[in-house]
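A.B. asks: just need the structure, nothing else, for what follows:
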Amino acid sequence: METTFLMVKPDGVQRDLIGEVISRVEERGLRIVAMKMLHLERNTAEEHYAEHEGKDFYETLLDYITSGPVVAMALKGNKAISLVRDMVGDTDPKDASPGTIRGDFGIDIGRNIVHAADSEESAERELDIFFEGSDFVDYRKVEEDWIYE
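C.D. replies: Sure, this is the predicted structure:
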């Protein structure tokens, strides 16, 4: 079981797609073990996107991600990191397959609905930015009793 990070970005919140994203997460059998809506402060955005510092799109990215509320989630499940990456699709919606979140709802590379951790290291780092230990609520789904026992 892995825990990964998924965030509905300001365009997803503003377009009322939070429920759609959550539905897709739940339909794939992932557990939401922490979730919060917040308006990112610039310093949090800088920490989250530190790997992009110095790139030509960095300032635009920071302006965008701090422009409105986001919904941050910790998702737990079997191979959660790769599963979520497959669910969200390519970063640029024009390259994302139909059936993926970005393929179905993304407008352009700057408004692509969601961010998802791309590795175990990224997931751990991003979860630490957005959540504290007391934010997590773990539980078992009913069907897991049938699968894992």
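
A.B. asks: which residues of the protein fall in strands?
C.D. replies: Here the chain has its strands, by DSSP state E, at 2-8, 31-39, 69-77, 114-116.

A.B. asks: mind listing what the last one pairs with, with the direction of each?
C.D. replies: Looking at strand 114-116 with DSSP bridges, its partner strands are strand 2-8 (antiparallel).

A.B. asks: relative to strand 31-39, how tilted is the partner strand?
C.D. replies: Orientation check (axes from the mean of the first three to the mean of the last three CA atoms, to 10 degrees): strand 2-8 against strand 31-39 gives 30 degrees.

A.B. asks: other residues contacting strand 2-8?
C.D. replies: 17-18, 21, 25, 33, 70-81, 84, 88, 113-117, 120, 122-123, 126-127, 130 (CB atoms under 8 Å, 6 or more residues apart in numbering). C-beta: built from backbone N, CA, C; applies to glycine.

A.B. asks: re earlier: how about the strands of the chain, which one is nearest Asp138?
C.D. replies: Of all these, strand 31-39 sits nearest to Asp138, with 5.4 Å by CB to CB.

A.B. asks: hang on, the earlier thing: format the strands of the chain as JSON lines; extra columns: mean neighbour count.
C.D. replies: Formatted as JSON lines, the strands of the chain follow (neighbours: other CB atoms under 10 Å):
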{"stretch": "strand 2-8", "mean neighbour count": "24"}
{"stretch": "strand 31-39", "mean neighbour count": "15"}
{"stretch": "strand 69-77", "mean neighbour count": "22"}
{"stretch": "strand 114-116", "mean neighbour count": "23"}
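
A.B. asks: okay, those strands in JSON lines with distance to Tyr139 and mean pLDDT next?
C.D. replies: Converted to JSON lines, the strands of the chain look like this (distance: least, CB to CB, whole Å; pLDDT from 0 to 100):
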{"stretch": "strand 2-8", "distance to Tyr139": "13", "mean pLDDT": "98"}
{"stretch": "strand 31-39", "distance to Tyr139": "7", "mean pLDDT": "97"}
{"stretch": "strand 69-77", "distance to Tyr139": "9", "mean pLDDT": "97"}
{"stretch": "strand 114-116", "distance to Tyr139": "22", "mean pLDDT": "97"}
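
A.B. asks: the helices in the protein, which residues?
C.D. replies: 10-14, 18-27, 42-48, 58-65, 80-88, 101-105, 120-130, 142-148 (DSSP state H).
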